[in-house]
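Colleague: Below are the sequence and a predicted model; questions follow.
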Amino acid sequence: MQPSERAPFAQLVTDVLAYYRQDASRFVLDLWWGACQSFELSQIRQAMQRHATDAEHGRFAPRVADVVRILAGTAADRAALAWGKTLEAMGSVGAYTDVVFDDPAIHATVLDLGGWPKVCRTDLKELSYLQHRFCESHRAYTGRGSFDYPRCLGGDRSPDSEYAKVGLPPPRIAFIGNAERARLVYDGGSAVGKTAVRFHTLQALAAAPRAATHMSSAAPRAATHMTSAAPRAATHMTSAAPRAAAATGTGPAQPRPGALRAAPVVRRPSYHQGAANQPLNTTAERTYHP
């Protein structure tokens, strides 16, 4: 829709919600306008009419999702229609021609499947598996909303420079589907591919590991320094403990100056004699008890 059609669009939404006895606030109108701006006003009128006459969903007031479902279908519906369009182009255009579809999700999906020539040359026995992968990938891209895609799916042909050498124009590009939307897809796509690829020199790659190694080697040294400092601190605290205990009187009692000290008790070693018939001068038969 054009910006000049916002007033009649707002009146249409207000009248439809009034039919279901609901009010249209400024927020609701802005939400409807932002979601339905890509459609035509006549299409929205038809979608409102179809919703009101629907036996299952027409009992409730329409929402933005109801109009989008009627006009664009669900994600599974769009994936199935996109596969049918791609399958038809595979048979009518072929692998030797560059193609541009009117759906950017088809470009991203075909590139994920290996490119346009590989998809066109798929064996018939693997066609059902290819369809499953195509639909799953297409639903993933349409669910994201915005994504990168190549502006053109290149065919299996010679480069443009080869045609220029012999004075021939390059082959024409086949636009599949709506020509206007396909032109917009071509203008909004990327010329280098879907995924950005960056190259770095060996010097840049070699500098990164050295920095990481320097940081990782510094950590063990710091840990060793902390670990070696811990025993010294513990030794200092242990040696200081008796002095503190003696100062406070909590440690063992010390003798007073001039007091009599008891003589230390000396344990004499005792010997245990072995059997009576064994000589006593052999140390192997004696048991020493300290």
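Modeller: Done, it's in.

Colleague: Check the protein and tell me which residue is nearest its centre.
Modeller: Taking C-alpha atoms, centre = their mean, the centroid of the chain lies closest to residue 144, which sits 13.3 Å from it.

Colleague: Give me the pLDDT value at that residue.
Modeller: Looking at residue 144, its pLDDT reads 86.

Colleague: how about residue 8, what does it touch?
Modeller: When contacts are counted by C-beta atoms under 8 Å, 6 or more residues apart in numbering, residue 8 touches residue 41. For glycine as for every other residue, the C-beta is placed from the backbone atoms N, C-alpha and C.

Colleague: And it, how close does it get to residue 164?
Modeller: 52 Å (C-beta to C-beta, to the nearest Å).

Colleague: Tell me if I'm right that residue 171 and residue 93 touch.
Modeller: No: the criterion here is C-beta atoms under 8 Å, and residue 171 misses it with residue 93 at 11.2 Å.

Colleague: Quick one: neighbours of the residue nearest to residue 75 when sequence neighbours are not counted, just the number.
Modeller: In this structure, residue 75 finds its nearest non-sequential neighbour in residue 139, 4.6 Å apart by C-beta to C-beta, 6 or more residues apart in numbering. By other C-beta atoms under 10 Å, 19 other residues sit near residue 139.

Colleague: just checking, what packs against whatever helix or strand residue 139 lives in?
Modeller: Using DSSP states H and E, the element containing residue 139 is helix 127-144. When contacts are defined as 3 or more C-beta pairs under 8 Å, 6 or more residues apart in numbering; DSSP states H and E, helix 127-144 packs onto helix 75-92, helix 104-112.

Colleague: can we see that at 10 Å?
Modeller: helix 75-92, helix 104-112, helix 116-120 (3 or more C-beta pairs under 10 Å, 6 or more residues apart in numbering; DSSP states H and E).

Colleague: orientation of the second one relative to helix 127-144 in degrees?
Modeller: Angle of helix 104-112 versus helix 127-144, following axes from the mean of the first three to the mean of the last three C-alpha atoms, to 10 degrees, is 130 degrees.

Colleague: In helix 104-112, which residues are buried?
Modeller: Buried residues in helix 104-112, defined by neighbour count with 16 or more other C-beta atoms under 10 Å: 104, 105, 106, 107, 108, 109, 110, 111, 112.

Colleague: before we move on, back to that, now do the helix holding residue 139: distance to the chain's middle.
Modeller: 19 Å (C-alpha atoms, centre = their mean, to the nearest Å).

Colleague: same deal with stretch 66-79?
Modeller: 27 Å.

Colleague: hey, where'd the strands end up in this structure?
Modeller: In the chain, the segments counted as strands under DSSP state E are 99-101, 174-176, 270-272, 287-289.

Colleague: what packs against the first one?
Modeller: Put plainly, it is strand 99-101. Against strand 99-101 (3+ C-beta pairs under 10 Å, 6+ apart) you get helix 75-92, helix 104-112, strand 174-176, helix 179-188.

Colleague: Next, count neighbours for residue 13.
Modeller: 22.

Colleague: How about the contacts made by it?
Modeller: 24, 28, 29, 31, 32, 33, 36, 44, 48, 62, 64, 67 (C-beta atoms under 10 Å, 6 or more residues apart in numbering).

Colleague: mind checking how far it is from residue 144?
Modeller: 27 Å.

Colleague: same question, residue 180
Modeller: Applying C-beta to C-beta to residue 180 and residue 144 gives a distance of 24 Å.

Colleague: For stretch 47-64, buried residues please.
Modeller: Buried, per 16+ other C-beta under 10 Å, within stretch 47-64: 47, 48, 50, 51, 62.

Colleague: and it, how far apart are its ends?
Modeller: Start and end residues of stretch 47-64 are separated by 11 Å (C-alpha to C-alpha, to the nearest Å).

Colleague: contact partners of that stretch?
Modeller: Taking C-beta under 10 Å, 6+ apart as the rule, stretch 47-64 contacts 12-13, 15-22, 28, 31-32, 34-36, 39, 66-72.

Colleague: what do you get if the cut-off is 7 Å, keeping everything else the same?
Modeller: Contact partners of stretch 47-64, identified using C-beta atoms under 7 Å, 6 or more residues apart in numbering, comprise 12, 16, 17, 20, 22, 31, 32, 35, 66, 67, 70, 71.
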